[in-house]
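In: Okay, here's the prediction I keep looking at, along with the sequence it came from:
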Amino acid sequence: MSALRKSKPVKPVLALLAVALLAGCADRSTTVGSIPDDYRTNHPIVISEKEQVADIPVGHADNRLSITQRSIVQNVLTNYHANGSGVIHILLPSGTPNEHAAGRLREDIVAVLRRSGVKPFNISSERYRAASDESAPIRLSYSAMTASTGPCGQWPKDLLDTAENKHYANFGCASQNNLAAQIANPADLLGPRATTTIDAERRGKVIDAYRNATPPTPIIRQEVQY
């Protein structure tokens with residue numbers, strides 16, 4: 001009887017060992033955080049050289065650049081001097097009702113480019129065949145450093161498949177594209193700019209205004225007797 005009493009506690013111990021072995025056989029293949037779940041990683045902003053195109057609308061009776069047309073050329077020049085390089089191509093429509101008007105405006109465009117500092121060998125004039133017989137614009141084309149991301153609209157999986165609680169493929173793509181489009185100088189993403197010189201005159205005025213400022217008058221609160 002004494003031997004049987006000593007063997008009874010062995011059963012709970014065996015049960016615990018069995019549970020531990022079964023737990024060890026559980027599927028541990030899923031690793032949390034092994035796949036990038038950051039929209040900045042999935043949709044990175046990339047700096048690359050891309051073709052920039054600006055269209056200038058042309059009427060069949062135009063002889064000189066209008067204010068609107070000239071502003072388009074000036075905007076092209078601003079971006080070209082900041083981020084562009086190489087040749088600016090002036091593409092004139094061919095076979096359209098405004099073909100001759102576009103040829104007349106070419107001289108004005110070249111004059112604006114030359115006055116802004118673009119060298120003659122960096123200005124090229126070509127003709128392109130318009131897709132229809134209607135009036136077509138003059139196109140200014142050049143290469144410039146541009147910040148951009150990949151195209152949006154990728155939906156490889158069902159949005160309801162969120163067992164791992166991760167972002168869907170298109171998450172953050174529009175925000176990254178908008179941010180890239182608002183960057184004036186793409187080189188700022190590569191590193192900080194050099195420190196500019198200090199404006200000594202402006203600094204002196206700020207220091208004098210600080211020294212000569214009138215001290216603020218303290219506010220004395222009066223207790224109201226009820």
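Out: Done, it's in. Bear in mind that the values here come from a model prediction, so they are computed numbers and not experimental data.
In: Please, where are all the helices along the protein?
Out: 2-7, 10-24, 39-42, 67-83, 99-115, 173-182, 200-211 (DSSP state H).
In: for these, which one sits closest to Q52?
Out: Set against Q52 and scored by CB to CB, the helices of the chain come closest in helix 67-83, at 6.7 Å. Where you see a C-beta, it was placed from the backbone N, CA and C, and this is true even at glycine.
In: Between the two ends of stretch 59-78, how far is it?
Out: 25 Å (CA to CA, to the nearest Å).
In: ok, residues contacting it?
Out: 52, 54-58, 88, 97-98, 100-101, 104-105, 108-109, 112-113, 116, 118, 135, 140, 142 (CB atoms under 8 Å, 6 or more residues apart in numbering).
In: Tell me the buried residues in that stretch?
Out: 62, 65, 69, 72-73, 76-77 (16 or more other CB atoms under 10 Å).
In: Could you dump those into JSON lines with pLDDT and distance to E223 added?
Out: Shown next, in JSON lines, are the buried residues of stretch 59-78 (pLDDT from 0 to 100; distance: CB to CB, whole Å):
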{"residue": "D62", "pLDDT": "91", "distance to E223": "78"}
{"residue": "L65", "pLDDT": "94", "distance to E223": "73"}
{"residue": "Q69", "pLDDT": "95", "distance to E223": "71"}
{"residue": "I72", "pLDDT": "95", "distance to E223": "68"}
{"residue": "V73", "pLDDT": "96", "distance to E223": "70"}
{"residue": "V76", "pLDDT": "94", "distance to E223": "69"}
{"residue": "L77", "pLDDT": "94", "distance to E223": "68"}
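In: Contacts only, for the residue most central in space within the chain.
Out: By CA atoms, centre = their mean, the chain has its centre lying nearest to A180, at 0.5 Å. Neighbour list for A180: 45, 147-149 [criterion: CB under 8 Å, 6+ apart].
In: looking at those, which has the most residues close by?
Out: Highest neighbour count within these, by other CB atoms under 10 Å: A147, with 23 neighbours.
In: is it true that it touches I183?
Out: Yes: when contacts are counted by CB atoms under 8 Å, A147 is listed as touching I183 (4.7 Å).
In: Return every residue with contacts to both of these two.
Out: L189.
In: And the lowest mean pLDDT element among the helices and strands of this protein?
Out: Lowest on mean pLDDT, DSSP states H and E among the helices and strands of the chain sits helix 2-7, with a mean of 47.
In: Return the distance of the spatially closest residue to K166 that is not a sequence neighbour relative to S143.
Out: Among residues not flanking K166 along the chain, D37 sits closest, at 4.9 Å (CB to CB, 6 or more residues apart in numbering). To S143, D37 is 35 Å away according to CB to CB, to the nearest Å.
In: Name the residue in the two with the higher neighbour count.
Out: More neighbours surround S143 than the other of D37 and S143, with 17 against 14 (other CB under 10 Å).
In: Where does the prediction get shaky in this structure?
Out: 1-36, 224, 226 (pLDDT under 70).
In: If we use 50, what do you get?
Out: Judged by pLDDT under 50, the chain has its weakly predicted residues at 1-7, 23, 26-34.
In: residues contacting G153?
Out: G153 neighbours (CB under 8 Å, 6+ apart): 170, 173.
In: one more time with 7 Å, if that's ok
Out: Shown in contact with G153 (CB atoms under 7 Å, 6 or more residues apart in numbering): N170.
In: just S143 next, same as before
Out: S143 touches 49, 51, 84-86, counting by CB under 7 Å, 6+ apart.
In: Please apply the same query to Y142.
Out: 52, 80, 84, 86-89.
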